[in-house]
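Asks: Next come a sequence and a model predicted from it.
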Amino acid sequence: MTDSKYFTTTKKGEIFELKAELNSDKKEKKKEAVKKVIASMTVGKDVSALFADVVNCMQTDNLELKKLVYLYLMNYAKTQPDVAIISVNTFVRDCEDPNPLIRALAVRTMGCIRVDKITEYLCDPLRKCLKDEDPYVRKTAAVCVAKLHDINAKLVEDQGFLDALKDLLSDSNPMVVANAVAAISEILETSDTAQTSLEMNSNTINKLLTALNECTEWGQVFILDSISNYNPKDDKEAQSICERVTPRLAHANAAVVLSAVKVIMKYMEILDINSETVTILVKKLSPPLVTLLSAEPEIQYVALRNINLIVQKRPDILKTEMKVFFVKYNDPIYVKLEKLDIMIRLTNQGNIAQVLAELKEYAAEVDVDFVRKSVRAIGRCAIKVEQAAERCVGTLLDLIQTKVNYVVQEAIVVIKDIFRKYPNKYESIIATLCENLDTLDEPEARASMIWIIGEYAERIDNADELLESFLEGFQDENTQVQLQLLTAIVKLFLKRPTDTQELVQQVLSLATQDSDNPDLRDRGYIYWRLLSTDPAAAKEVVLAEKPLISEETDLIEPTLLDELICHIASLASVYHKPPSAFVEGRGTMRRSLPRNQSGEAPLSDTGATNAPAPVQQPTVIPGVDSLIGDLLDMDLGGPTPYQQQQMMNQMPPSAPAAQPQGAIDLLGEGLDNLLGGGGGGLDSLGGLSDIFGSVSQSSFYTPPQEVWLPAAKGKGLEVTGTFARRNKQIFMELTFTNKAMQPMMGFAIQFNKNSFGLLPASPLQIQSPLPPNQSASVSLPLNTQGQVQKMDPLATVQVAVKNNIGVFYYSCQVPMHVLFIEEGEMDKKDFLASWKEIPAQNEVQKTIDGVQHNADTVSQKLRNNNVFTIAKRNVEGQDMLYQSLCLTNGIRVLAELKIQPGMSTFTLSLKSGVQDICLPIHQAFDNILHN
């Protein structure tokens, strides 16, 4: 009879019976009783009352019984730590047992018991087991070190276990090496202090590569992952490692293959892109990836998600393997959709005919989701391969003729994108699209069709009738459709004002009066304001030439892609998200690819092939022995300053100007009456008159004043102060309070040499005499033309204040953001070039916690303080802000700010030619965002 009988009992009073059996003299009865206890524990019954009785069964020679008792102990030791400590002696004895299985079992169990009191007794047995003669015990002890580190990291580091673990990397047994590598990787992920002790070097990597050939498959995975985290010292070493790892590509286990691919993908970044080695490696990577697609569907899916990343980074690896991504009839839907995505990425002029024929077949399948994706894929092909665009449009028209509802709707959505990509080329098909107007019931398709009608209203005779038919059910439409309909009717009105005035009044009324949606209402008000004040400006805004859409809008952002390549063969590569996005409760170190000679930057600039020369950076802040008389000499001429109001100056004036002779008031008084009041009643709309008016003064953050010189140290003089920035000038805001019994007079101030050459720009002007118990405030303008000496901390300024009583000294910290100049905004190309120029080791990453803002308010807050957003992107639901700033001494700092909507912790990466500056800049960001 099997052990399943232990799970079927439902007797009452069972605990009492088990207690008696556990204390029986018969070994077989004891074993049966422990099995029953474990069975009860497994199904969720509370058997903690039997703890002491079960622990007494530990002292046995029977290995099976010992395993069961240890299993129970691991489960309940935490709830009963005082009783659990009686088992320590047995553990220590078992660690010296002649049987290696019992020694390993004891040390494994001790590592799993997360009780501090027991942890202290674990050190000596563990130290012995790490040097045990049996490899099975040593490999178990290696894993135990990682478990112990998780419980008490300081104990592990103090007791020298990290060095013992590193010694195991030289072990003669490959499985011991593999477990040691796994333990080290685990420790390094959670500990910053262990980095120095466990740092890999060339000798260690050679030992790992030697053990690689003899390990089990999972040992090989651990070793390959560890090798991928090592940065070779030169391309020769990288090439050597790649040659020794390449045989793993032929392994039967998919995890080993993908881990080997990860190592090679990372090391190829170090090698010269035009070298023969890279060409050979690219050829070698293709077959194993193709082979993975013949495995079971689950492995295929994981492989495809990884391949998706690989082809974005290096499309040449699989450029000739298009056929393996063709969909099979029995593929699960998740595999089909992923294959389709990769097909589009590999599409080029040479294989487009083959791909289109496949996609047309897929569009006739029965799976609706797959058909939709196939139709969209045809549109993506048209946008990607211009030479095949006409053929793609023809294919889409054939699909529209099938009259299959969801096929028609998807086709219209992608045709809208094709019109955007190739304006004035395929508009002859609009008549065919309009024939299918009545069949559209999905918001995206309806919105796309409305966009087409509005954009090409001058070519469609009955455009007003078509848009009016949508307007009948306006309140029931999806927001996306309502917004598109509002814009389309305004476009139609600007193109044909005479016969569509009533229609535009109707839609503006529905948008502004009858709608609860703030986006729709605001857009309605803005259009109304534009049309009523300056129809010419309205035409320029609404009918402006639109930028062409890019070829592939779903590419992963380059810095994220580099990070994901470092996580190939892990969950991050399947989710296409960095580990920090889905792993909580432990710090995950951000990984990035090593720099190759062409050096990638976090923003791709497809618009220009030749990036401008990077802005020259000062290399260091001068030290005490290298003083510079005038810091302004260091400003080596960055890009010309941007005018912050440039866009605002192009807007229409806030008040309606007098109509020039011959201008037509397109709306007459119709809209004024519609919203109540005449033409002058704009303010009744809750301040809408300011929409295009002047911008309010931005608010620069000035920290609250703090006491710099207490009265006790100043013989009755108390000085409080802060720093501010106004009109491109730094000010020291000072308040002098006389707490002495006599008047004070003859005030003067002097600064010592400091990191930024700060100096009073004018003498201290303060009322004299200053009577007792009176205060006087003064704004002291500063310049940066003083002598420079590097201070520690960097922003320290030492000040001397003199009056009739004496001379008093104090030091204060300058908030770094008051040193950010207004000319810190960079052109996107200059930003890219500078990012590439600055070495990767100069990048500093920090977090900012407890920020209750979204990307837009963060961007505005920072802009108010001279931190300028160069670009904003949304990657996997995460907002990325790329920013620049410049200090008074010409040092530029580039920033990447990651914002996860709904999360209050932001990630800030800073790069500068001067690394010392990054920590104070991080503090400045923190201060600005919290105030």
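Replies: Cool, the structure landed.

Asks: could you pull out the helices for the stretch 701-850 of the chain?
Replies: For the stretch 701-850 of the chain, applying DSSP state H, counting those that start in this stretch gives helices covering 828-837.

Asks: Where does pLDDT dip in it?
Replies: The model of the stretch 701-850 of the chain has no residue with pLDDT under 70.

Asks: What of the chain?
Replies: 1-14, 82-84, 86, 196-197, 550-553, 585-590, 595-698.

Asks: Could you list the buried residues of stretch 307-326?
Replies: 307-314, 317-318, 321-322, 324-325 (16 or more other CB atoms under 10 Å). (C-beta placed from N, C-alpha, C; glycine too.)

Asks: Likewise for stretch 452-463?
Replies: Neighbour-count burial for stretch 452-463 flags 452-457, 460, 463 (criterion: 16+ other CB under 10 Å).

Asks: for stretch 854-869, same thing?
Replies: 855, 858-859, 861-862, 865-869.

Asks: Quick check: the two most widely separated of the residues you listed?
Replies: 855 and 866 (18.4 Å; CB to CB).

Asks: follow-up on the earlier one: can I get the buried residues of stretch 307-326 in a markdown table with distance to residue 430 and secondary structure?
Replies: Compiled in a markdown table, the buried residues of stretch 307-326 are given as follows (distance: CB to CB, whole Å; DSSP: H, G, I helix; E, B strand; the rest coil):
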| residue | distance to residue 430 | secondary structure |
| --- | --- | --- |
| 307 | 39 | helix |
| 308 | 35 | helix |
| 309 | 39 | helix |
| 310 | 40 | helix |
| 311 | 35 | helix |
| 312 | 35 | helix |
| 313 | 40 | helix |
| 314 | 41 | coil |
| 317 | 41 | helix |
| 318 | 38 | coil |
| 321 | 39 | coil |
| 322 | 33 | helix |
| 324 | 39 | helix |
| 325 | 34 | helix |
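
Asks: Now render those residues as a markdown table, adding distance to residue 164.
Replies: Listed next are these as a markdown table, based on distance: CB to CB, whole Å:
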| residue | distance to residue 164 |
| --- | --- |
| 307 | 41 |
| 308 | 42 |
| 309 | 37 |
| 310 | 38 |
| 311 | 44 |
| 312 | 42 |
| 313 | 39 |
| 314 | 41 |
| 317 | 41 |
| 318 | 45 |
| 321 | 47 |
| 322 | 52 |
| 324 | 48 |
| 325 | 49 |
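
Asks: Which elements pack onto the helix or strand harbouring residue 373?
Replies: Using DSSP states H and E, the element containing residue 373 is helix 368-384. Contacts defined by 3 or more CB pairs under 8 Å, 6 or more residues apart in numbering; DSSP states H and E place helix 368-384 against helix 333-346, helix 352-362, helix 389-401, helix 405-421.

Asks: between those, which one is nearest to residue 901?
Replies: helix 333-346 (24.8 Å).

Asks: Which secondary structure elements does the closest one sit against?
Replies: Here helix 333-346 touches helix 297-313, helix 352-362, helix 368-384, going by 3+ CB pairs under 8 Å, 6+ apart.

Asks: same thing but at 6 Å, please
Replies: On a contact count with 3 or more CB pairs under 6 Å, 6 or more residues apart in numbering; DSSP states H and E, helix 333-346 meets helix 297-313, helix 368-384.

Asks: outside of the last one, which residues touch it?
Replies: Outside helix 368-384, the residues within contact range by CB atoms under 6 Å, 6 or more residues apart in numbering are 336-337, 340, 344, 347, 359, 362-363, 365, 389, 392, 395-396, 406-407, 410-411, 414, 417-418, 421, 551.

Asks: Quick check: buried residues in it?
Replies: 370-384.

Asks: about what we covered before: most tightly surrounded among the helices and strands packed on helix 368-384?
Replies: The highest average neighbour count among the helices and strands packed on helix 368-384, using mean count of other CB atoms under 10 Å, belongs to helix 405-421 at a mean of 21.

Asks: picking up where we left off before, residue 474: which of the helices and strands packed on helix 368-384 is closest?
Replies: helix 405-421 (20.1 Å).

Asks: quick revisit: from the buried residues of stretch 452-463, which is closest to residue 245?
Replies: Nearest member of the buried residues of stretch 452-463 to residue 245, counting by CB to CB, is residue 452, at 53.0 Å.

Asks: For residue 779, see how far away that closest one is.
Replies: 60 Å (CB to CB, to the nearest Å).

Asks: Would you map the strands across the chain?
Replies: 706-709, 717-726, 729-738, 748-751, 759-760, 775-783, 796-802, 807-813, 844-848, 868-875, 878-886, 892-899, 906-912 (DSSP state E).

Asks: Can you say which of those is nearest to residue 261?
Replies: Nearest of the strands of the chain (CB to CB): strand 868-875, 23.2 Å.

Asks: Buried ones in the closest one, by neighbour count?
Replies: 868-870, 875.

Asks: Name the strands paired with that strand and say parallel or antiparallel.
Replies: With DSSP bridges as the test, strand 868-875 is paired with strand 878-886 (antiparallel).

Asks: now the partner strand, how far from the chain's geometric center?
Replies: 12 Å (CA atoms, centre = their mean, to the nearest Å).

Asks: Contacts for it, please.
Replies: So strand 878-886 is in contact with 603, 820-821, 824, 826, 831, 855, 859, 867-873, 892-900, going by CB under 6 Å, 6+ apart.

Asks: Quick one: work out the angle between it and strand 892-899.
Replies: 160 degrees (axes from the mean of the first three to the mean of the last three CA atoms, to 10 degrees).

Asks: could you check the angle helix 828-837 makes with strand 878-886?
Replies: Using the same axes, to 10 degrees: strand 878-886 against helix 828-837 is 90 degrees.

Asks: Could you tell me how many residues sit around residue 805?
Replies: A count of neighbours around residue 805, defined by other CB atoms under 10 Å, yields 16.
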